[in-house]
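[1] any chance you could fold what I've pasted below:
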Amino acid sequence: MIPPKNKRIRVLIVDDSSFMRMAIRRVLDKDPDIEVVGTAVDGSEGVRKALELKPDLVTMDVEMPVMDGISALKQIMAKEPTRVIMVSTLTNEGAQATFDALEAGAVDYIPKNITDSTVAQNIFREELLKKVKGAVRSSGARRGAIIPARQEAVVRRVAEAKIPKTRINYVGIGASTGGPVALQEVLSRIPVNFPYGIMVVIHMPKAFTGPYADRLNAKCSLTIREAKDGEILKPGTALIAPGGQHTILARRPGGITVHQVPTSDYPTYTYVPSVDLMMSSLADACGGAMLGVVLTGMGNDGFKGMQHLKSKGGVTVAQDEATSTIYGMPRACIEGGVADVVLPLDQIGFEITKIADANRR
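    This next block holds a predicted model:
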């Protein structure tokens, strides 16, 4: 249930570190829209308090004594499904645990990177507040574990007759909140012999994109890896844009290549890495012979990129509201009139293959 707009968001903080409990509470207590209703020092206490207090959202540390965060998350989801944001370390182990938590039903995560740096503290504060409010206020935030069950629901098409019959040579996919799970669902539906290169941008820290690409590669038929600077986008391969910088694509004599550029080169792009920037540059590089896909996520990153792709004659797909963890990014594309097709998550991978096949005939 989404709290009424005039009601404060009730948050439970679960963390074995007194420093982190204080740091999170200090941020949340200063916001008039949020009320910290309790704290817990381990997963077992966290489960008990979640059932007792019934908060709108729980911030959950991953590594704790007595009961770890993922075990606690699973118990909460089984007994009293609640929005949970994981607080994760920026390590390979922290990344893997975070992905496990997202698959178990966590709505989002925030890196545990508070230092003495004022800049780092401000980033943590802004990210925490944005994710808490975004997760709770969104009507699309899921409350339970992952992948939507296959439904008999009718696949909704927007202006089906207007879907361009242009040649497709590449696919660009963008996602944010809820994206790690959604991308796995989409890419797992695409066959190993898929004839086009796929470029993916997801809003993730630098320490997470490599482990995430490895995880997807182990679970999907496609070859999936973190993109390297200068790499050529090839058929049957999905490249994940590295975190912490932007990724653009350009046509070179050997094919369309990936280029990583610092955020300072594109200061007007708020989200890092930027879906808009990737999508627009790939559309330019391939002359619009491309399928663009925007999945679940907070904000509107991807709208301008899809708009640019449409102007080049490309084809666009957006995830529907019912299956989006956060409906922001797909909503921007759908309400902005740049989505050719709107689909539930479990249909998007199949549709990518179908549209690509139809447009190469």
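[2] shouldn't Lys74 be within a helix?
    Yes: under DSSP: H, G, I helix; E, B strand; the rest coil, Lys74 sits within a helix.
[3] pLDDT at it, what is it?
    In the prediction, the pLDDT value recorded for Lys74 is 96.
[4] excluding residues flanking it in the chain, which one is nearest it?
    Using Cβ to Cβ, 6 or more residues apart in numbering and skipping the chain neighbours, the partner closest in space to Lys74 is Ala104 (5.3 Å). For glycine as for every other residue, the C-beta is placed from the backbone atoms N, C-alpha and C.
[5] is that neighbour in contact with Ala72, as I believe?
    No: Ala104 is not in contact with Ala72 according to Cβ atoms under 8 Å; the separation is 10.2 Å.
[6] between those two, tell me which one has more neighbours.
    Ala72 (28 against 21; other Cβ atoms under 10 Å).
[7] show me what contacts that one?
    Neighbour list for Ala72: 14, 43-44, 46-47, 60, 64 [criterion: Cβ atoms under 8 Å, 6 or more residues apart in numbering].
[8] hmm, back to that, quick one: the residue nearest to Lys74 from Met199, how far?
    Counting by Cβ to Cβ, to the nearest Å, the gap between Ala104 and Met199 amounts to 28 Å.
[9] likewise Arg252?
    Using Cβ to Cβ, we find Arg252 at a distance of 15 Å from Met199.
[10] tell me which of the contacts of Ala72 fall in strands.
    14, 60 (DSSP state E).
[11] and the contacts of Ala72, which two are the farthest apart?
    Spatially, the most separated pair among these is Ser44 and Met60, at 12.4 Å (Cβ to Cβ).
[12] of these two, who's got more company?
    Met60 (29 against 18).
[13] surely the more buried one and Val87 touch.
    Yes: between Met60 and Val87 there is a contact under Cβ under 8 Å: 6.6 Å.
[14] so what sits against both of these two?
    With Cβ under 8 Å, 6+ apart applied, the overlap between the contact sets of Met60 and Val87 consists of Asp15.
[15] can you pull out the strands in the stretch 1-150 of the chain?
    Assigned by DSSP state E, counting those that start in this stretch, the strands in the stretch 1-150 of the chain fall at 9-14, 34-40, 57-61, 83-88, 108-111.
[16] make that the stretch 151-300 of the chain, sorry
    All strands of the stretch 151-300 of the chain, identified by DSSP E, counting those that start in this stretch, fall at 170-175, 197-202, 223-226, 237-240, 246-252, 255-261, 290-294.
[17] residues in contact with the second one?
    The set of residues that contact strand 197-202 without belonging to it, under Cβ under 8 Å, 6+ apart, is 169-176, 179-180, 183, 187, 190, 209, 212, 222, 227, 233-241, 247, 249, 256, 258, 273-275, 278-279, 282.
[18] pull the number of nearby residues for Lys49.
    A count of neighbours around Lys49, defined by other Cβ under 10 Å, yields 19.
[19] if I look at Asn122, what pLDDT would I see?
    In the predicted model, Asn122 carries a pLDDT score of 86.
[20] how near is it to Ser264?
    With distances defined as Cβ to Cβ, the gap from Asn122 to Ser264 amounts to 18 Å.
[21] quick check on Val192: phi, psi?
    phi -60, psi -30 (degrees, to the nearest 10).
[22] for Leu233, see how far away the nearest residue to Thr91 once chain neighbours are set aside is.
    Nearest-residue entry for Thr91: Ala207, 6.6 Å, with adjacent residues in sequence omitted and distances by Cβ to Cβ, 6+ apart. The gap separating Ala207 from Leu233 is 24 Å, by Cβ to Cβ.
[23] kindly report the same for Thr177.
    With the distance defined as Cβ to Cβ, Thr177 ends up 26 Å from Leu233.
[24] and the contacts of strand 197-202, which are buried?
    Neighbour counting over those (16 or more other Cβ atoms under 10 Å) leaves 169-176, 179-180, 183, 187, 190, 209, 212, 222, 227, 233, 236-241, 247, 249, 256, 258, 273-275, 278-279, 282 as the buried ones.
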